[in-house]
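**Q** just the structure for this:
(chains A, B, C and D)
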There are 2 protein chains.
Amino acid sequence: MTNRPMVALEGGGTLVDTAYSSLRRDIISGERPAGERLRIEKLKTLYGIGPTPLREALQKLAQDGLVVTEGNRGFTVAPLDPAEFEDLNQARIAIEKAALTLSIARGGDAWEARVVAATYLMDKEDTALPQATDGVPDSWERANTEFHTALVSACGSAWLLRVRIGLHDLCERYRRASVYQRLGSRDLSSEHSAIATAALARDVDRVCALTEAHFALTALALRDATDLGEERIRAER
Amino acid sequence: MTNRPMVALEGGGTLVDTAYSSLRRDIISGERPAGERLRIEKLKTLYGIGPTPLREALQKLAQDGLVVTEGNRGFTVAPLDPAEFEDLNQARIAIEKAALTLSIARGGDAWEARVVAATYLMDKEDTALPQATDGVPDSWERANTEFHTALVSACGSAWLLRVRIGLHDLCERYRRASVYQRLGSRDLSSEHSAIATAALARDVDRVCALTEAHFALTALALRDATDLGEERIRAER
DNA sequence: AAATTTAAAAGTGTCGAGATAATGAAATTA
DNA sequence: TAATTTCATTATCTCGACACTTTTAAATTT
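**A** Residues are numbered from 1 along each chain as shown, chains lettered A, B, ... in the order given. Next up, the predicted model:
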């Protein structure tokens, strides 16, 4: 009845949180390209946030691996290194398989239902994808995220899922940076439904194998697109 | 030949780094117990570091999961929740198994040699452990860390190893908080050598099973020690 | 005793100044 | 001329003080 905090309309609670999520979003999306120097003064005007919350947010991002901070040379957006992407992708696949294994072993009716629902929506987006004019639509991205999230949702470990998200976002930046995303040449609908079918059949090995191939294909396509933003940002003054 | 940066002798580079590692060490060791309020003013005098680097370090630790920061209520050491430990342990075991699988598949002569060396030292410590008077000696801890690290060292993904370390440190805090560590009642020497033998024989399934049991036993012992520092720190003024 | 109001405490964010380190340019030396 | 050293500029880092907000505790009222 009294004056409540009015709810955070947008940006959550503290300025550190808003700075963190804004920067995170912009770095992953590529709006803040790899190698860019993140000078506090510039960010201050860009995001309308003071230096203290900005520094704290940058330190958090450094912990995530999205920002690097070397000695007394300020902050920069983490570089995009093909070798690191291989590394990252291996870790991601390993964790995805572990989560899938646990989830399939433990998932109950609710899990099955969620998987079925996600697969249904995914299939709709997959079949509509070839008609898409400009790039991959946002709705497809959301369906894809939910599809894979649903599969691992019953793994039973919030920490495993948290780690999974972290690596996913790191990979996401690489994916976004890749100019040539020829998803069109793949039969995503088949790939996804095969995974879902195997999951509901509790065929762990098959799900893992299919998922690994699924991820590896994306990685391969990205690898072939030789440069992923080789426009090194050097002069910045 | 010219004047190199002289190397960071101790304390690393910035004060943020020293604050981060100091706090991290103290939180994991239990010197800063779970639930303790981390007031900047107090930490300032404790560590002799100003408020700015302290806040940044605390934000990094919050990202690690060792510190929680809720709304505008400052920082506190993350609570020790038995349920979270289960969760954490599951994630840790899953990642350890994934890393082991990759490492065993890829390890070469150098890896085998490292495993053999680590096993040799581990065995020495394991047999000497029962004679230890006060708790687990530091040398045993080091040998144990190197033993398990050696096994996964050839997994090929620095990120997987990084994640592994993070979860390990989180679990470490739970382990340290447990009063009753009855390692004495276990035949660690046998457990370790069995793992090493299976690893060198490239028997992935066996290594994973043994390692899982190995970890699960520690978790079980910790779980039985009902309270892991239930002395809730409440009044703090 | 319960609830509201009031006051104190703690946390967050801004600003500006000073210390330290890194970068780049000029000057010296080989 | 090339390489090294010296110097000046710049930027980052750190501190402390102050304003503002939220939380927490106490006091008052009902």
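**Q** any regions of chain A where pLDDT drops low?
**A** The model of chain A has pLDDT under 70 over residues A:1-12, A:179-184, A:224-237.
**Q** if we go to 50?
**A** Residue ranges of chain A with pLDDT under 50: A:1-11, A:228-237.
**Q** how about residue A:116, secondary structure?
**A** helix (DSSP: H, G, I helix; E, B strand; the rest coil).
**Q** pretty sure it contacts residue A:197?
**A** No - taking contacts as Cβ atoms under 8 Å, residue A:116 lies outside contact range of residue A:197: 10.6 Å. Any C-beta I mention is one placed from the backbone N, CA and C, and that applies to glycine too.
**Q** just the helices from chain A, written as ranges.
**A** Counting by DSSP state H, chain A has helices at residues A:15-29, A:40-47, A:51-64, A:82-106, A:109-128, A:138-152, A:158-177, A:188-200, A:204-224.
**Q** for DNA strand D, what's the nearest residue on chain A?
**A** Proximity to DNA strand D, evaluated over chain A using Cβ to the nearest atom of the strand, is greatest for residue A:74 at 3.2 Å.
**Q** that residue touches residue A:37, doesn't it?
**A** Yes - in this structure, residue A:74 is within contact of residue A:37 by Cβ under 8 Å, at 6.4 Å.
**Q** tell me the residues of chain A that contact DNA strand D?
**A** A:5, A:37, A:39-41, A:51, A:55, A:69, A:71-75, A:237 (Cβ under 7 Å from any atom of the strand).
**Q** among the residues you listed, name the buried ones.
**A** Among the residues of chain A next to DNA strand D, those classed as buried by 16 or more other Cβ atoms under 10 Å in any protein chain shown are A:55, A:69, A:75.
**Q** the second one and residue A:62 touch, don't they?
**A** Just to be clear, that refers to residue A:69. Yes - applying Cβ under 8 Å as the test, residue A:69 and residue A:62 come out as touching, 4.9 Å apart.
**Q** what sits in contact with each of these two?
**A** Residues touching both residue A:69 and residue A:62 (Cβ atoms under 8 Å, 6 or more residues apart in numbering or on different chains): residue A:75.
**Q** spatially nearest residue to the residue in chain A that DNA strand C sits nearest to, not counting backbone neighbours?
**A** Nearest residue of chain A to DNA strand C (Cβ to the nearest atom of the strand) works out as residue A:50 at 2.0 Å. Leaving aside its sequence neighbours, residue A:50 sits nearest to residue A:44 (Cβ to Cβ, 6 or more residues apart in numbering or on different chains; 6.6 Å).
**Q** tell me who's in contact with that neighbour.
**A** Counting by Cβ under 8 Å, 6+ apart, residue A:44 has contacts A:50-51, A:54.
**Q** at 10 Å what do you get?
**A** By Cβ atoms under 10 Å, 6 or more residues apart in numbering or on different chains, the residues touching residue A:44 are A:50-51, A:53-54.
**Q** go on, residue A:158?
**A** When contacts are counted by Cβ under 10 Å, 6+ apart, residue A:158 touches B:83-84, B:87-88, B:90-91.
**Q** give me the buried subset of those residues.
**A** Neighbour counting by 16+ other Cβ under 10 Å classes B:84, B:87-88, B:90-91 among the contacts of residue A:158 as buried.
**Q** quick one: contacts for residue A:201?
**A** A:104, A:207.
**Q** against residue A:59, how distant is it?
**A** Separation of residue A:201 from residue A:59 (Cβ to Cβ, to the nearest Å) stands at 46 Å.
**Q** cool, and residue A:22?
**A** Distance from residue A:22 to residue A:59, counting by Cβ to Cβ: 15 Å.
**Q** higher neighbour count, those two?
**A** Shown here are residue A:22 and residue A:59; by other Cβ atoms under 10 Å in any protein chain shown, residue A:59 has more neighbours (25 against 18).
**Q** for the closest residue to that one other than its chain neighbours, what are its contacts?
**A** Spatial nearest neighbour of residue A:59, excluding adjacent residues (Cβ to Cβ, 6+ apart): residue B:56 at 4.5 Å. If you count contacts by Cβ under 10 Å, 6+ apart, residue B:56 has them with A:52, A:55-60, A:62, A:69, B:14-17, B:19-20.
**Q** ok, which of those also contact DNA strand C?
**A** Of the contacts of residue B:56, the ones that also sit near DNA strand C (Cβ under 7 Å from any atom of the strand) are A:52, A:56.
**Q** so which of the contacts of residue B:56 wins on neighbours?
**A** Neighbour tally across these (other Cβ under 10 Å): the maximum, 28 neighbours, falls on residue A:57.
**Q** and chain A, what are its domains?
**A** As given by automatic domain parsing, the domain ranges for chain A are A:15-77, A:82-224.
**Q** need those domains in a markdown table (columns: distance to residue B:112).
**A** As requested, the domains of chain A are exported to a markdown table (distance: least, Cβ to Cβ, whole Å):
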| stretch | distance to residue B:112 |
| --- | --- |
| domain A:15-77 | 31 |
| domain A:82-224 | 21 |
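**Q** the ones you listed: which one's closest to residue B:130?
**A** domain A:82-224 (33.7 Å; Cβ to Cβ).
**Q** my read is that residue A:110 contacts residue A:103, right?
**A** No - using Cβ atoms under 10 Å, residue A:110 is not in contact with residue A:103, being 11.9 Å away.
**Q** burial measure for residue A:119, as a count.
**A** 23.
**Q** how about it, what does it touch?
**A** Contacts of residue A:119 by Cβ under 10 Å, 6+ apart are A:126, A:143, A:146-147, A:150-151, A:192-193, A:195-197, A:199-200.
**Q** format the helices of chain A as TSV; extra columns: distance to residue B:138.
**A** Below are the helices of chain A laid out as TSV (distance: least, Cβ to Cβ, whole Å):
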stretch	distance to residue B:138
helix A:15-29	37
helix A:40-47	41
helix A:51-64	28
helix A:82-106	30
helix A:109-128	45
helix A:138-152	38
helix A:158-177	28
helix A:188-200	46
helix A:204-224	40
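**Q** and of the ones you listed, who's closest to residue B:177?
**A** Checking these against residue B:177 by Cβ to Cβ gives helix A:158-177 as the closest, at 17.5 Å.
**Q** what residues does chain A put near DNA strand C?
**A** Residues of chain A found near DNA strand C (Cβ under 7 Å from any atom of the strand) are A:1-2, A:14-16, A:49-53, A:56, A:71-73.
**Q** next up, the contacts around the residue nearest the centre of chain A.
**A** Geometric centre of chain A, nearest residue: residue A:169, 2.7 Å, by Cα atoms, centre = their mean. Neighbouring residues of residue A:169 by Cβ under 10 Å, 6+ apart: A:24-25, A:27-28, A:64-66.
**Q** check those residues and tell me the two furthest apart.
**A** So, the contacts of residue A:169 by Cβ to Cβ: farthest apart are A:25 and A:65, at 15.6 Å.
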